[in-house]
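S.K.: Okay, sequence plus prediction incoming.
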Amino acid sequence: MRVNGRSMRTIWTEPGEAGVFIIDQTQLPHRFLTRRLHSVEDAAEAILSMQVRGAPLIGATAAYGMALAAASDPGESALAAAAGRLVGTRPTAVNLKWAVTRVIEQLSRLPAEDRAKAAWALAADIAEEDIALNRAMGEHGVRLIEAIAAQKQAGRPVNILTHCNAGWLATVDRGTATASIYEACERGLAVHVYVDETRPRNQGASLTAWELGQEGVPHTVIPDNTGGHLMQHGLVDIVIVGTDRTTAAGDVCNKIGTYLKALAAKDNGVPFYVAAPSPSIDFSLSDGIAEIPIEERSSAEVTHMTGETAAGEIETVRITPEGSPVANYGFDVTPARLITGLITERGVIAANESALAAAFPERVIG
Ligand code: MRU
């Protein structure tokens, strides 16, 4: 997608240049900075510090991290250590483990001298596949938006509410939840996006709003607690969110606060869809609430906020009393019964075991 009118991806390599390049998302929306990852440790640090984040992009970064590791030492124990380091960075998004496992499985079949080249090729494949999956989801999901638009007075926008950043910044390109939105815009449909700010890291206010602005998509940033009110007043036509891990039974783990949006949507008869590319589906789990590990993050994310002063300085200030304890869960689980449908690369399907098994028979375990 575009940054100041120029097409970009969130992660890339450059011919003749060593390493892997990323956008440092911790600096947005105030500064647009890129950085180069030289080693698997750089990749792990970029994931840990959330310079890259979002389940699909974490997966792609981990795959490139494995390529950096293989380039430095393709031996089995070095690769196992690199895999452990990467997988240990963030526990909830399953794409991380999915990507690292895929690389390890492929490299273990090769002699050591062939591993680095194969790892670079596989990382590039994973990145390309991510974009193709997102495009396919967008082509399926846009039909939901088209159907709503057909019921509206000509020119009235379809109002879409989203949570966190499931946009192109969370993927290699195009986004998961935003794929349908960008597709709708390209087809000339009028849309307007309500962007949950997504405390405490503000991925909505800082990232989703920024990328929609760069693409010229009409949007409004709202405090996280506003969605229910908007739905009660008929101001939201459809909710589309992303997922960090979806179980075989269709429970969806996504950024904290997603569950509350699903409850409000159910109470108000607003359709609630999840854009779920297959690498984010964990067919080994069925009970999302009991089985998905929920990342608990630093209290500083809640006690402090960072922003830009009128003078252009980036400053961080405390917003809670010194000493007040904090709980900071990164994700929650929305039970399948609250989900109208999953937008996958193979079509829009029901959030239940039989629909998921029918759509992805090769992934079903046991
Ligand atoms: O903690 P983050 O920023 O990595 O959170 C992940 C997300 O952005 C989401 O939960 C997203 O909606 C799913 S990934 C497309």
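M.R.: Nice, thanks for sending it over.
S.K.: Tell me which residue in the chain sits closest to the ligand.
M.R.: Among the residues of the chain, Gly242 lies closest to the ligand, at 2.9 Å counting by C-beta to the nearest ligand atom. Quick note: C-beta positions are derived from backbone N, CA and C, even for glycine.
S.K.: and Ala71, how many neighbours?
M.R.: 18 (other C-beta atoms under 10 Å).
S.K.: and what of the one 10 residues further on?
M.R.: Other residues near Ala81 come to 14 when the count uses other C-beta under 10 Å.
S.K.: do the one 3 residues further on as well
M.R.: Gly84 has 11 neighbours, counted by other C-beta under 10 Å.
S.K.: and if you look at Glu296?
M.R.: 12.
S.K.: partners of it in the sheet?
M.R.: Judged by DSSP bridges, the bridge partners of Glu296 are Tyr329.
S.K.: what do you get for Ser7?
M.R.: Arg2.
S.K.: Just confirm it contacts Met1, I think it does.
M.R.: Yes - counting by C-beta atoms under 8 Å, Met1 is a contact partner of Ser7 at 7.2 Å.
S.K.: Looking at those two, which one has more neighbours?
M.R.: Counted by other C-beta under 10 Å, Ser7 and Met1 do not tie: Met1 has more neighbours, with 19 against 8.
S.K.: any idea how far the more buried one is from Asp173?
M.R.: According to C-beta to C-beta, to the nearest Å, Met1 stands 6 Å off from Asp173.
S.K.: need the residues of the protein near the ligand, please.
M.R.: Proximity of the chain to the ligand, by C-beta under 6 Å from any ligand atom, involves residues 53-56, 164-166, 170, 176, 203, 241-244, 254-255, 330.
S.K.: Just the ones in strands from those residues, please.
M.R.: 241, 254-255 (DSSP state E).
S.K.: Just put the residues you listed in CSV and tack on neighbour count, distance to Arg363 and pLDDT.
M.R.: Formatted as CSV, those follow (neighbours: other C-beta atoms under 10 Å; distance: C-beta to C-beta, whole Å; pLDDT from 0 to 100):
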residue, neighbour count, distance to Arg363, pLDDT
Val241, 27, 22, 98
Asn254, 30, 20, 98
Lys255, 24, 24, 98
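S.K.: With adjacent residues omitted, what lies nearest to Ala67?
M.R.: Spatial nearest neighbour of Ala67, chain neighbours left out: Ala119 (4.0 Å); criterion: C-beta to C-beta, 6 or more residues apart in numbering.
S.K.: For that neighbour, grab the count of nearby residues.
M.R.: Based on other C-beta under 10 Å, the number of other residues close to Ala119 is 26.
S.K.: Verify the stated contact: it with Met66.
M.R.: Yes - look at Ala119 against Met66 with C-beta under 8 Å: they come within range, at 5.5 Å.
S.K.: Do a quick rundown of the helices in the stretch 101-250 of the chain.
M.R.: In the stretch 101-250 of the chain, the segments counted as helices under DSSP state H, counting those that start in this stretch are 112-150, 177-186, 209-215, 227-232.
S.K.: Please enumerate the helices of the stretch 251-366 of the chain.
M.R.: 258-268, 288-291, 300-303, 353-359.
S.K.: Tabulate the ones you listed (TSV), appending mean pLDDT and mean neighbour count.
M.R.: Shown next, in TSV, are these (pLDDT from 0 to 100; neighbours: other C-beta atoms under 10 Å):
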stretch	mean pLDDT	mean neighbour count
helix 258-268	98	20
helix 288-291	97	15
helix 300-303	98	16
helix 353-359	98	16
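S.K.: could you give the mean pLDDT of the helix or strand hosting Ala62?
M.R.: Ala62 is part of helix 55-72, with elements assigned from DSSP states H and E. Regarding helix 55-72, the rounded mean pLDDT is 98.
S.K.: Tell me, how many residues neighbour Glu362?
M.R.: Quick note: Glu362 (other C-beta under 10 Å) scores 6 neighbours.
S.K.: Now do the contacts for it.
M.R.: Glu362 is in contact with no residue at all, counting by C-beta atoms under 8 Å, 6 or more residues apart in numbering.
S.K.: got a pLDDT number for Ile23?
M.R.: Value listed for Ile23 in the pLDDT field: 98.
S.K.: Then Leu122?
M.R.: Confidence score, pLDDT, at Leu122: 98.
S.K.: list the buried ones in stretch 315-328?
M.R.: Asn328 (16 or more other C-beta atoms under 10 Å).
S.K.: same check, this time on stretch 13-27
M.R.: 13, 19-26.
S.K.: which stretch among the helices of the stretch 101-250 of the chain comes nearest Asp282?
M.R.: helix 112-150 (15.9 Å; C-beta to C-beta).
S.K.: Now the common contact residues for Ala119 and Met66.
M.R.: Joint contacts of Ala119 and Met66 (C-beta under 8 Å, 6+ apart) are 103, 107.
S.K.: how is this protein carved up into domains?
M.R.: 2-128, 138-363 (automatic domain parsing).
S.K.: quick check, distance from stretch 297-304 to the centre of its chain.
M.R.: A distance of 21 Å separates the centroid of the chain from that of stretch 297-304, by C-alpha atoms, centre = their mean, to the nearest Å.
S.K.: Put the alpha carbons of that stretch into PDB.
M.R.: Extracted in PDB, the C-alpha atoms of stretch 297-304 (Å, rounded to 0.1, in the frame of the first residue of the first chain):
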ATOM      1  CA  ARG A 297       2.500  -7.100  28.700                       C
ATOM      2  CA  SER A 298       4.400  -4.500  30.600                       C
ATOM      3  CA  SER A 299       2.500  -2.300  33.000                       C
ATOM      4  CA  ALA A 300       4.300   0.700  31.500                       C
ATOM      5  CA  GLU A 301       2.000   0.400  28.400                       C
ATOM      6  CA  VAL A 302      -0.900   1.300  30.700                       C
ATOM      7  CA  THR A 303       0.700   3.700  33.100                       C
ATOM      8  CA  HIS A 304       2.300   5.900  30.400                       C
END
